[in-house]
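Asks: give me coordinates for this.
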Amino acid sequence: MNHSYFIPLLIFLYGLLTSVQAQFTDTTRFIAEDGYIEKIKTNFGIKFSLDNAYETFRVDTEFNDYSIYPNITNVLQFSLSYRFIRASIGWAPDWLPGNRDEDIKGKTDALGISVAMFSRHWYQGLGYGKVQGYYLENTRDYDPTWMDGDPYIQLPDLHYMGFSGTTGYVLNPRLSLKSVSLQTERQLKSAGSFIAFAAYRYFIIDDKSIPSPGGATQKSNNLEIGIGPGYVYTFVLKERFYASLGFMPSIGLVNTKLTTRYADGDVISNQRNLAFRWAGHGAIGYNGHSFFTGFYINYAGMTYEQENTTAVNHDNRMFYQFFAGFRVRSPKWLNRFFDNMGF
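Replies: Have a look, this model is predicted:
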């Protein structure tokens, strides 16, 4: 029996018991923005989540379409939050359901690290992700004899590595993004706000396989920058239950350096493409003083035409995240330090 299943469960139960005990202790309330927000200044937030946030690729050309997926269904993430900052790490252990079919879809290794910081109006997110090992989801298009249960065409040497960031400005300070994303605040009254943001990403897609005689491999270096307006509204019921809705479209550029590696040398081409992105999200949850939990769903899409070709890159996906967490007391010396710093 694989005892790895019990590790998150034991941690979760410990956090639940801790939170129940804490409900009977006095809690110092720091109320801000005319009673709209409660700041949680003397606790760490510890959160575990399960999601499907992993990189996929779809390319449609005049003659062929490619849908390339990693052998991942679920990603486990651990986050630690304090006041204005959150640090997270995510990985895809093979003991999670949907991450095991290596004989059919090949082996995938994945890792993600992110940091988020929020002030009264501004927020900043930074992330790093790495994935190795993909398979061709539409294998049937290239092998008419393929049937369900047969191995897919596997791409074990296809690597993805990327750095990403988002910078945003929230116009209405009565809306607390921390309450939904960091859980270092509690939204006490319903509020909404327009948001101006910029998103940027540098990523590399590299086929490191050895090409067949007369064949070639490719590597693309990509820089994507986009800007857009958005709007988020959070409904609050009895200070603890909430529902949040938002829409975040953007327009930008994708610069690509494509290196095609042949036996007798490399051929390099450059592209600059106009890209459109859109994302809509919904969330429901419970945000108590010591325990919090919720469900988050996001529908996101992107499309752009590759310069000087008939190929179109696009991806429309539904993302989900279920999370649960608890708060524990932070050291008094740490609280005093950040109080003196004005955070």
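Asks: can I take it that residue 162 is in a strand?
Replies: Yes - remark: residue 162 belongs to a strand, assigned using DSSP: H, G, I helix; E, B strand; the rest coil.
Asks: can you give me the neighbour number for the residue nearest to it when sequence neighbours are not counted?
Replies: Once flanking residues are discounted, residue 162 sits nearest to residue 203: 3.2 Å by Cβ to Cβ, 6 or more residues apart in numbering. Quick note: C-beta positions are derived from backbone N, CA and C, even for glycine. Neighbour count for residue 203, taken as other Cβ atoms under 10 Å: 16.
Asks: quick check: mean pLDDT of the helix or strand containing residue 46?
Replies: Residue 46 is part of strand 43-51 when elements are defined by DSSP states H and E. Mean per-residue pLDDT for strand 43-51: 94.
Asks: for this protein, longest strand please?
Replies: The longest strand of the chain (DSSP state E) is strand 265-287.
Asks: partner strands of that one, parallel or antiparallel?
Replies: Strand pairing for strand 265-287, using DSSP bridges, gives strand 241-247 (antiparallel), strand 250-262 (antiparallel), strand 291-305 (antiparallel).
Asks: wait, which of those strands is closest to residue 75?
Replies: strand 291-305 (13.3 Å; Cβ to Cβ).
Asks: I'd like the strands paired with strand 265-287 as JSON lines, with mean pLDDT appended.
Replies: Below are the strands paired with strand 265-287 laid out as JSON lines (pLDDT from 0 to 100):
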{"stretch": "strand 241-247", "mean pLDDT": "96"}
{"stretch": "strand 250-262", "mean pLDDT": "91"}
{"stretch": "strand 291-305", "mean pLDDT": "86"}
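Asks: in a markdown table: those, plus distance to residue 100 and mean neighbour count.
Replies: Formatted as a markdown table, the strands paired with strand 265-287 follow (distance: least, Cβ to Cβ, whole Å; neighbours: other Cβ atoms under 10 Å):
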| stretch | distance to residue 100 | mean neighbour count |
| --- | --- | --- |
| strand 241-247 | 34 | 18 |
| strand 250-262 | 33 | 16 |
| strand 291-305 | 24 | 17 |
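Asks: returning to that earlier point: return the alpha-carbon coordinates of the longest strand of the chain using PDB.
Replies: Once non-C-alpha atoms are left out, strand 265-287 reads as follows in PDB (Å, rounded to 0.1, in the frame of the first residue of the first chain):
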ATOM      1  CA  GLY A 265      23.900  23.100 -39.200                       C
ATOM      2  CA  ASP A 266      21.200  25.200 -37.700                       C
ATOM      3  CA  VAL A 267      18.600  27.400 -39.400                       C
ATOM      4  CA  ILE A 268      17.300  30.300 -37.300                       C
ATOM      5  CA  SER A 269      14.100  32.300 -38.000                       C
ATOM      6  CA  ASN A 270      12.400  35.100 -36.000                       C
ATOM      7  CA  GLN A 271       8.700  35.900 -35.700                       C
ATOM      8  CA  ARG A 272       6.700  38.700 -34.000                       C
ATOM      9  CA  ASN A 273       3.100  37.900 -33.500                       C
ATOM     10  CA  LEU A 274       0.100  39.700 -32.200                       C
ATOM     11  CA  ALA A 275      -1.600  37.700 -29.400                       C
ATOM     12  CA  PHE A 276      -5.000  37.800 -27.700                       C
ATOM     13  CA  ARG A 277      -5.700  36.300 -24.300                       C
ATOM     14  CA  TRP A 278      -8.800  36.100 -22.200                       C
ATOM     15  CA  ALA A 279      -9.600  34.700 -18.800                       C
ATOM     16  CA  GLY A 280     -12.700  34.500 -16.700                       C
ATOM     17  CA  HIS A 281     -12.800  33.100 -13.200                       C
ATOM     18  CA  GLY A 282     -15.200  32.100 -10.500                       C
ATOM     19  CA  ALA A 283     -14.600  31.100  -6.900                       C
ATOM     20  CA  ILE A 284     -16.600  30.100  -3.900                       C
ATOM     21  CA  GLY A 285     -15.200  29.500  -0.400                       C
ATOM     22  CA  TYR A 286     -15.200  29.800   3.300                       C
ATOM     23  CA  ASN A 287     -12.700  32.100   5.000                       C
END
